[in-house]
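**Student:** any chance you could fold what I've pasted below:
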Amino acid sequence: IDITTFEGDDAQVTVLFNGAQPLVENHVSAKLEATLDPNYGNLRRVDLVHDSGVRHDITQEMESGTIGGIIELRDETLPTLLEQLDNFAFDLATNFNAAHTTGFGLDGVSGRDFFETPTGVAGAAASLSLIADLDNNTDWIAASTSVVEAIGGNDNLAVLLALEDQALAGSNTRTFREEIANAMSSVGRLVQANNVVATESASELQQLNAIRDSATGGSIDEEMLDLTRYQRGYQAGAKIIETTEMMYDVILSL
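**Tutor:** Numbering: from 1, shown residues only. As a prediction, this is how the structure comes out:
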């Protein structure tokens with residue numbers, strides 16, 4: 001998450017979330033909790049809970065890190081994709097039904113839907129299904145355009161197949177095939193863009209770690225050289241003391 005830190009005169013570090021809310025201050029720390037909230041469709045919001053028990057909803061302020069990415073996926077990316085799928089399913093069901101109801105099945109009956117009529121755009125993808133018992137009564141499929149040719153006729157079937165090439169999706173700007181391809185490509189573009197950002201962020205993190213290590217870390221080679229130099233210095237000092245003692249012994253013996 002987005003944090004900033006600063007060190008006080010007493011050498012204690014204060015950690016702030018988003019430059020304002022204190023996460024750690026002196027000996028007191030706050031915590032994050034996930035709470036079910038009807039305002040988020042009974043999904044979870046993120047609360048910053050202070051030591052005093054005061055809560056702050058910071059869900060919309062979580063704009064970075066893993067938690068921020070999950071929230072953006074949940075609240076922005078997925079709803080947009082689901083809206084595209086709902087529009088696709090609604091357009092498919094209504095246009096296919098409109099053509100199907102004009103035809104006749106093998107039983108000579110007309111006016112049947114092929115898909116269950118969607119109650120609206122929202123939720124159309126999740127509720128998309130064939131009318132009841134159609135899968136067990138294939139004679140209901142309206143392949144003919146007239147009751148006379150109900151058996152053997154396929155003019156209406158050709159009309160249904162032709163829907164594939166008509167711009168009936170995406171506010172009548174794309175075919176159904178193009179609309180699905182557009183939705184899938186938007187997912188691909190998002191994945192590619194996020195992969196690029198992740199790669200760049202990993203590279204930046206590696207560079208920052210290298211800078212930190214060069215400033216605060218130590219080189220094993222340099223440490224060995226220093227250790228050897230200090231050892232030689234100690235040996236030289238010991239030799240001087242030894243030589244000095246020998247000189248004093250000689251002087252005192254005169």
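**Student:** tell me where the stretch 101-250 of the chain has helices.
**Tutor:** Here the stretch 101-250 of the chain has its helices, by DSSP state H, counting those that start in this stretch, at 124-127, 155-162, 176-216, 220-253.
**Student:** mind listing what's buried along the first one?
**Tutor:** Of the residues in helix 124-127, those scored as buried under the neighbour-count criterion (16 or more other C-beta atoms under 10 Å) are 124, 125, 127. Glycine gets a C-beta too; all of them are placed from N, C-alpha and C.
**Student:** and stretch 140-149, by the same measure?
**Tutor:** By 16+ other C-beta under 10 Å, the buried positions in stretch 140-149 come out as 140, 141, 142, 143, 144, 145.
**Student:** swap in stretch 63-81?
**Tutor:** Residues of stretch 63-81 classed as buried: 67, 68, 69, 71 (neighbour count, 16+ other C-beta under 10 Å).
**Student:** with stretch 242-249 instead?
**Tutor:** Quick answer for stretch 242-249: no buried residues (16+ other C-beta under 10 Å).
**Student:** then stretch 7-20?
**Tutor:** Quick answer for stretch 7-20 (16+ other C-beta under 10 Å): 16, 17, 18.
**Student:** got JSON lines for these, with secondary structure and pLDDT too?
**Tutor:** Formatted as JSON lines, these follow (DSSP: H, G, I helix; E, B strand; the rest coil; pLDDT from 0 to 100):
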{"residue": "16", "secondary structure": "strand", "pLDDT": "89"}
{"residue": "17", "secondary structure": "strand", "pLDDT": "86"}
{"residue": "18", "secondary structure": "coil", "pLDDT": "80"}
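**Student:** reformat these as JSON lines; add distance to residue 85.
**Tutor:** Below are those laid out as JSON lines (distance: C-beta to C-beta, whole Å):
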{"residue": "16", "distance to residue 85": "41"}
{"residue": "17", "distance to residue 85": "35"}
{"residue": "18", "distance to residue 85": "34"}
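**Student:** ok, so of the residues you listed, who is nearest residue 186?
**Tutor:** Residue 186 lies nearest to residue 18 out of these, by C-beta to C-beta, at 29.6 Å.
**Student:** residue contacts, that closest one?
**Tutor:** Residue 18 makes contact with 1, 2, 3, 58, 61, according to C-beta atoms under 8 Å, 6 or more residues apart in numbering.
**Student:** repeat that for residue 100.
**Tutor:** Residue 100 makes contact with 112, 113, 114, 141, 142, 156, 160, according to C-beta under 8 Å, 6+ apart.
**Student:** repeat for residue 75
**Tutor:** With the criterion set at C-beta under 8 Å, 6+ apart, residue 75 makes contact with residue 40.
**Student:** what kind of secondary structure is it in?
**Tutor:** helix (DSSP: H, G, I helix; E, B strand; the rest coil).
**Student:** got a pLDDT number for it?
**Tutor:** As predicted, residue 75 sits at a pLDDT of 88.
**Student:** save the helices of the stretch 101-250 of the chain as JSON lines, and put in distance to residue 105 and mean pLDDT too.
**Tutor:** Formatted as JSON lines, the helices of the stretch 101-250 of the chain follow (distance: least, C-beta to C-beta, whole Å; pLDDT from 0 to 100):
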{"stretch": "helix 124-127", "distance to residue 105": "24", "mean pLDDT": "94"}
{"stretch": "helix 155-162", "distance to residue 105": "10", "mean pLDDT": "94"}
{"stretch": "helix 176-216", "distance to residue 105": "23", "mean pLDDT": "86"}
{"stretch": "helix 220-253", "distance to residue 105": "83", "mean pLDDT": "80"}
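**Student:** pick the most buried one from those helices.
**Tutor:** Comparing the helices of the stretch 101-250 of the chain by mean neighbour count (mean count of other C-beta atoms under 10 Å), helix 124-127 ranks first with a mean of 17.
**Student:** gap between it and the chain center?
**Tutor:** Distance of helix 124-127 from its chain centroid, counting by C-alpha atoms, centre = their mean, to the nearest Å, is 23 Å.
**Student:** just the residues contacting it, thanks.
**Tutor:** Applying C-beta under 8 Å, 6+ apart, the set of residues contacting helix 124-127 is 82, 85, 86, 87, 88, 89, 90, 93, 116, 118, 119.
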